[in-house]
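Enquirer: Sequence isn't available, so here's the structure alone:
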């Protein structure tokens, strides 16, 4: 990796782990194959076969199934039972099902999925709600990552870590188990979902739920949003159906219960929206790209409604001639808004740079990197998508910026940058060469 001289790479790599699995619905499909359709007749034949078993056979088969899978999932009997209840509208009328029959039927309509078997990339980061028992200048954080499994289906997974006072980053190892949330409320594509509060945050996987998300919840850009003394964690992300995309918004205060809703307006038809961490002039503000190459500043009175904004940054240097995008939400400094960017150059070569926006008028660029902070190098550029370094967000901790980023859309790593050195570089970039 070619980097700026003050770009301090950490010696940690977060790599995909195919042993981490969750259970997801199995739907006996109709022909021609439709992943969202269910062959009701075939589903009922499966149920009839289970009901033809004696009570002893049901008990024995359920016990064997649980013995085989129970140590891989939390509360598996409950998951089996919930799945059978979800399928109730598909089944013909079956009365007087025992608990064992219900659970065994549910087991037949689930399958394991290795949600991060292919890639673990495009990380974002926010301060952890719990900053207790840390030395001054250190910070605890929550890291989100895009996990990709079979079929290029993307989901959202989490880690926690600490940036120590000396600039060292440590990441807590993930829990062995993983699971999806329960949908607690649903109105069209607006969802409320929740996890078991006793679960570790690394167990919680937000897997596609709606038809619009069917092929992925991609590239979540998290931000700790401050308003009236209250912190709400928002994330803009891309919902991908397999045919089209839409920007959506995730909201949480505790990383246990989440609300997910589509964004509206012309800007929501594109990828890569990043919310400012507070209102500016009493309005929400967003960095977005809707012309395929430039960054725009958008204001809105409604966090769910986004029109077209004003172009503030266009390609200028060779490493960004194809397009510019954001690498997450702007970071507020005394000197202005620090916005990390990605640029696309020859052979779709992705690099990471930065700009500084005016604190009061963020449409005004007051600092810019002429060269990338980090770009792919021959020694480390192979992967799921070669020649890419990419991030969905960074944070400031004391005198440093903590930047998680992905390499070749395959695995993730970390770097830290001294704020003072970065500001000096950005201001120098605005001077006439």
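Expert: Yep, it's here. If you're wondering where the values come from, they're calculated on a predicted model, not measured in any experiment. Residues are numbered from 1 along each chain as shown.

Enquirer: for stretch 123-139, which positions count as buried?
Expert: For stretch 123-139, the neighbour count (16 or more other C-beta atoms under 10 Å) marks 123-128, 134, 138-139 as buried. Where you see a C-beta, it was placed from the backbone N, CA and C, and this is true even at glycine.

Enquirer: Need the distance between the two termini of that stretch.
Expert: Terminal residues of stretch 123-139 are spaced 17 Å apart (C-alpha to C-alpha, to the nearest Å).

Enquirer: who's in contact with that stretch?
Expert: With contact meaning C-beta atoms under 8 Å, 6 or more residues apart in numbering, stretch 123-139 is reached by 14, 140-146, 160, 162-165, 220-224, 231, 233, 235, 254-255, 328, 391-395, 397-399, 402, 404-406, 412.

Enquirer: Okay, and which of those residues map to strands?
Expert: 14, 140-146, 160, 162-163, 220-224, 231, 233, 235, 395, 397, 402, 404-406, 412 (DSSP state E).

Enquirer: Quick check on the residues you listed: which are buried?
Expert: Among the ones in strands among the contacts of stretch 123-139, those classed as buried by 16+ other C-beta under 10 Å are 14, 140-146, 160, 162-163, 220-224, 233, 235, 395, 397, 402, 404-406, 412.

Enquirer: Report the contact partners of the closest residue to residue 267 other than its chain neighbours.
Expert: Of all residues not flanking residue 267 in the chain, residue 306 sits nearest, at 4.0 Å (C-beta to C-beta, 6 or more residues apart in numbering). For residue 306, the contacting residues are 247, 263-268, 273, 286, 288, 298, 300, by C-beta under 8 Å, 6+ apart.

Enquirer: Roughly how far does residue 306 sit from residue 214?
Expert: 23 Å (C-beta to C-beta, to the nearest Å).

Enquirer: Helices along the stretch 51-200 of the chain, start to end?
Expert: Using DSSP state H, counting those that start in this stretch, the helices found in the stretch 51-200 of the chain span residues 55-69, 76-86, 99-108.

Enquirer: Could you look over these and pick the most buried one?
Expert: Counting by mean count of other C-beta atoms under 10 Å, helix 99-108 has the highest mean neighbour count of those, with a mean of 21.

Enquirer: Quick one: residues in contact with that helix.
Expert: Residues contacting helix 99-108 (C-beta under 8 Å, 6+ apart): 26, 46-47, 50-51, 55, 58-59, 61-62, 65, 77, 79-85, 87, 97.

Enquirer: all helices for the stretch 301-433 of the chain, in order.
Expert: 419-429.

Enquirer: give me the low-pLDDT residue ranges for it?
Expert: Within the stretch 301-433 of the chain, the segments meeting pLDDT under 70 span 432-433.

Enquirer: And the strands in it, which stretches?
Expert: Ranges of strands in the stretch 301-433 of the chain, per DSSP state E, counting those that start in this stretch, are 310-313, 323-326, 331-333, 336-345, 349-357, 365-368, 374-375, 389-390, 395-397, 400-407, 411-418.

Enquirer: could I get those strands as CSV with distance to residue 10?
Expert: Formatted as CSV, these follow (distance: least, C-beta to C-beta, whole Å):
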stretch, distance to residue 10
strand 310-313, 28
strand 323-326, 22
strand 331-333, 19
strand 336-345, 17
strand 349-357, 15
strand 365-368, 25
strand 374-375, 12
strand 389-390, 14
strand 395-397, 13
strand 400-407, 9
strand 411-418, 4
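
Enquirer: For residue 18, find the nearest of these.
Expert: Of all the strands of the stretch 301-433 of the chain, strand 411-418 sits nearest to residue 18, with 13.0 Å by C-beta to C-beta.

Enquirer: Buried residues of the closest one, list them for me.
Expert: 411-417.

Enquirer: Which single one of those is nearest to residue 374?
Expert: Using C-beta to C-beta, residue 415 comes nearest to residue 374 of the buried residues of strand 411-418, at 6.9 Å.

Enquirer: Give me the phi and psi for residue 203.
Expert: Phi and psi for residue 203, reported as degrees, to the nearest 10, are phi -80, psi -20.

Enquirer: List the residues that contact the closest residue to it other than its chain neighbours.
Expert: Residue nearest to residue 203 in three dimensions, not counting chain neighbours: residue 175, with 4.6 Å by C-beta to C-beta, 6+ apart. Listed by C-beta under 8 Å, 6+ apart, the contact partners of residue 175 are 199-200, 202-203.

Enquirer: redo that, cut-off 10 Å
Expert: Contacts for residue 175 (C-beta atoms under 10 Å, 6 or more residues apart in numbering) come out as 20, 74, 199-204.

Enquirer: can you pull the contacts of the residue lying farthest from the centre of the chain?
Expert: For the chain, the largest distance from the centre (C-alpha atoms, centre = their mean) belongs to residue 54, which lies 45.5 Å off. For residue 54, the contacting residues are residue 60, by C-beta under 10 Å, 6+ apart.

Enquirer: Same check on residue 430?
Expert: Residues in contact with residue 430 (C-beta under 10 Å, 6+ apart) are 355-356, 365-368, 370.

Enquirer: For the stretch 101-250 of the chain, which segments count as strands?
Expert: Going by DSSP E, counting those that start in this stretch, the stretch 101-250 of the chain shows strands at 110-113, 119-127, 139-149, 153-163, 169-171, 182-187, 190-194, 216-227, 230-240, 245-252.

Enquirer: now, of those, which is deepest in the fold?
Expert: Taking mean count of other C-beta under 10 Å, strand 119-127 is the most buried of these, at a mean of 26.

Enquirer: Just checking: what are the partner strands of that one?
Expert: Here strand 119-127 is paired, per DSSP bridges, with strand 139-149 (antiparallel).

Enquirer: Now do the partner strand against strand 230-240, angle only.
Expert: Counting by axes from the mean of the first three to the mean of the last three C-alpha atoms, to 10 degrees, strand 139-149 lies at 20 degrees to strand 230-240.

Enquirer: mind checking how far strand 139-149 is from the chain centre?
Expert: Put simply, strand 139-149 sits 7 Å off its chain's centre (C-alpha atoms, centre = their mean, to the nearest Å).

Enquirer: Please verify my assumption that residue 224 contacts residue 232.
Expert: Yes - using C-beta atoms under 10 Å, residue 224 and residue 232 qualify as a contacting pair, with a distance of 7.9 Å.
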